[in-house]
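# Sequence and computational prediction follow.
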2 protein chains.
Amino acid sequence: MTEVKSRAERKEHTRQKLLDVTLKLIGQRSLASISLREVARDAGIVPTAFYRHFESMDALGVELVDESMRPLRQMIRDARRGVASHGDIIKGTVEVLGIQVRQNPDQFRFLSRERYGGVRSVRRAIETELRLFTSELSVDLARLTAGFDWTSDDLEMTADLMVAAMLASVMDLLEVDARHPGDERAILERSEKQLRLIALGMAGWRSKP
Amino acid sequence: MTEVKSRAERKEHTRQKLLDVTLKLIGQRSLASISLREVARDAGIVPTAFYRHFESMDALGVELVDESMRPLRQMIRDARRGVASHGDIIKGTVEVLGIQVRQNPDQFRFLSRERYGGVRSVRRAIETELRLFTSELSVDLARLTAGFDWTSDDLEMTADLMVAAMLASVMDLLEVDARHPGDERAILERSEKQLRLIALGMAGWRSKP
DNA sequence: GAGTTCGGTGTACAGCTGTTCACTGGAACT
DNA sequence: AGTTCCAGTGAACAGCTGTACACCGAACTC
């Protein structure tokens, strides 16, 4: 049994429940079509109590972006650790990607649903975080291309392409969950090939100053 | 003045108006958050008359996919014609992409919004059309790689990567409309570089049987 | 121990939603 | 000319929505 005592703890608890419940609901519909009352109901509180935590559903959505980005950030860390131990960067990265998506489907679904689909504020929050993700990756790429005088612009461009490719795979992964697990492997293998193709392109690339 | 006479013509006219109005509304919000009454109101029709044309908003959405795919199909044709005359495939393709997005922003916005965001039936309709688009592209790629014994699987994989890259650019293009037109050029140039990077990768690729 | 803070409650209201039903008036068919 | 068809009407419905308001009672502060 989890004993809850302090008022602040209780508040944090229901706040988290509101976020969790919304994430669950996002699994089937878009944020814009989820009502404040519905979220409150599923969280076991009265509608008006919702305002004790967020001033609107949009505000909750923005908070949810932070929450959902955590698995993505974890992904970077895992992937970097994987590089050190595993050897094959690409294989390791794709493996980590598959694991994270399988472990946090709701978070990834939320991000892909609302990235272009929803309210402006949520969209911008996601785009900002994703840009951060891309520039982190381009830092890693800079390390790999050290000595080949890549411009930072070309590094960004390449990182952007890789992120686009990986996100497309993520979305494909999310669409097949009900079907055979074989599809998952197929998608991950294709993703690996795509990244390998890009890496091959990088080998032949010459930055123009 | 456009004179309308026949009953069938009148019906087709309001039907088209319903589709147009919905497309306009999608510019700001997602399909799921647009109400039947709102669409009917903007089309100058009483809510119940809506059912004379579509059995639900979801059904209208599926029709809208067809409607919105037309610019994309046009894009393929233009791009192919551009290849014949222009010489540089990639430059021509990206040019066509920029033009089509600028000319049909609402259609592209609808597709990107609802591709992952909305109702299952609409999502599936878009995914189906996009798969068609990808396989068309892989046919073109097959022609370009003739003699290098690429497997059809690898052709699909590459086409998929290219489509993902181009769609990501489309979405970026849609997000900047209010800002300076310089951003548009920057996005298109990055897109061109990305496709060139992939092409470079293709040159070094060896299909494994 | 008295007083304050504050998550959560319950009621209430105006406004919107999808869908029903019986209807109308003019084009289309015979 | 008489009849049928049918896109569009208008009123009515039950149900949902966000939000305002006064209130409670337990955890906190002093």
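Yes, it's here. Residues are numbered from 1 along each chain as shown, chains lettered A, B, ... in the order given.

# For the closest residue to residue A:33 other than its chain neighbours, what are phi and psi?
Counting by Cβ to Cβ, 6 or more residues apart in numbering or on different chains, the nearest residue to residue A:33 once its immediate chain neighbours are dropped is residue B:32, at 3.9 Å. Glycine gets a C-beta too; all of them are placed from N, C-alpha and C. Phi and psi for residue B:32, reported as degrees, to the nearest 10, are phi -60, psi -20.

# Can you get me a residue count around residue B:32?
23 (other Cβ atoms under 10 Å in any protein chain shown).

# Identify the residues contacting it.
A:29-30, A:32-33, B:117-119 (Cβ atoms under 8 Å, 6 or more residues apart in numbering or on different chains).

# Would you check which pair of the residues you listed lies furthest apart?
A:32 and B:119 (12.2 Å; Cβ to Cβ).

# quick revisit: show the pLDDT at the residue nearest to residue A:33.
The model reports residue B:32 with a pLDDT of 95.

# distance of it from residue B:168?
23 Å (Cβ to Cβ, to the nearest Å).

# which helix of chain A spans the most residues?
helix A:57-86 (DSSP state H).

# I'd like to know which elements that helix is packed against.
Contacting helix A:57-86 under the criterion 3 or more Cβ pairs under 8 Å, 6 or more residues apart in numbering or on different chains; DSSP states H and E are the following elements: helix A:7-26, helix A:36-43, helix A:89-103, helix A:105-117, helix A:120-144.

# What is the fourth one packed up against?
The contact analysis (3+ Cβ pairs under 8 Å, 6+ apart) places helix A:105-117 against helix A:7-26, helix A:57-86, helix A:120-144, helix A:152-175, helix B:105-117.

# can you list contacts of the third one?
Residues outside helix A:120-144 that contact it (Cβ under 8 Å, 6+ apart): A:31, A:58, A:61-62, A:64-66, A:69, A:72-73, A:76, A:80, A:89, A:111, A:114-117, A:150, A:152, A:155-156, A:158-160, A:162-163, B:175.

# Can you give me the neighbour number for the residue lying closest to residue A:50 once chain neighbours are set aside?
In space, and not counting its chain neighbours, residue A:50 is closest to residue A:40: 4.7 Å by Cβ to Cβ, 6+ apart. If you count neighbours by other Cβ under 10 Å, residue A:40 ends up with 20.

# Distance of the residue in chain A that chain B sits nearest to relative to DNA strand C?
Nearest residue of chain A to chain B: residue A:117, at 2.8 Å (Cβ to the nearest Cβ). Distance of residue A:117 to DNA strand C, computed by Cβ to the nearest atom of the strand, to the nearest Å: 18 Å.

# correct me, but that residue touches residue A:30?
Yes: counting by Cβ atoms under 8 Å, residue A:117 does reach residue A:30; the two are 5.6 Å apart.

# Helix or strand for the nearest residue to residue A:169 once chain neighbours are set aside, just tell me which one.
Nearest residue to residue A:169, sequence neighbours excluded (Cβ to Cβ, 6+ apart): residue A:191, at 3.9 Å. Element membership for residue A:191 (DSSP states H and E) is helix A:181-204.

# for that helix, which positions count as buried?
Under the neighbour-count criterion of 16 or more other Cβ atoms under 10 Å in any protein chain shown, helix A:181-204 has A:184, A:187-188, A:190-202 buried.

# now swap in stretch A:89-101 and tell me
Result for stretch A:89-101 [16+ other Cβ under 10 Å]: buried residues A:89-90, A:92-98, A:100-101.

# for chain A, where's the lowest mean pLDDT among helices and strands?
Least confident helix or strand, chain A: helix A:57-86 with a mean of 90, by mean pLDDT, DSSP states H and E.

# That one and DNA strand D, are they touching?
Yes: interface with DNA strand D: helix A:57-86 contributes residue A:57 (Cβ under 7 Å from any atom of the strand).

# what sits against the closest residue to residue A:22 other than its chain neighbours?
Distances taken as Cβ to Cβ, 6+ apart put residue A:39 closest to residue A:22, at 5.3 Å, once the chain neighbours are dropped. By Cβ under 8 Å, 6+ apart, the contact set of residue A:39 is A:18, A:21-22, A:25, A:50, A:57, A:60.

# how close does residue A:50 sit to DNA strand C?
8 Å.

# Just to check, that residue is in contact with residue A:38?
No: applying Cβ under 8 Å as the test, residue A:50 and residue A:38 come out as separate, 10.5 Å apart.
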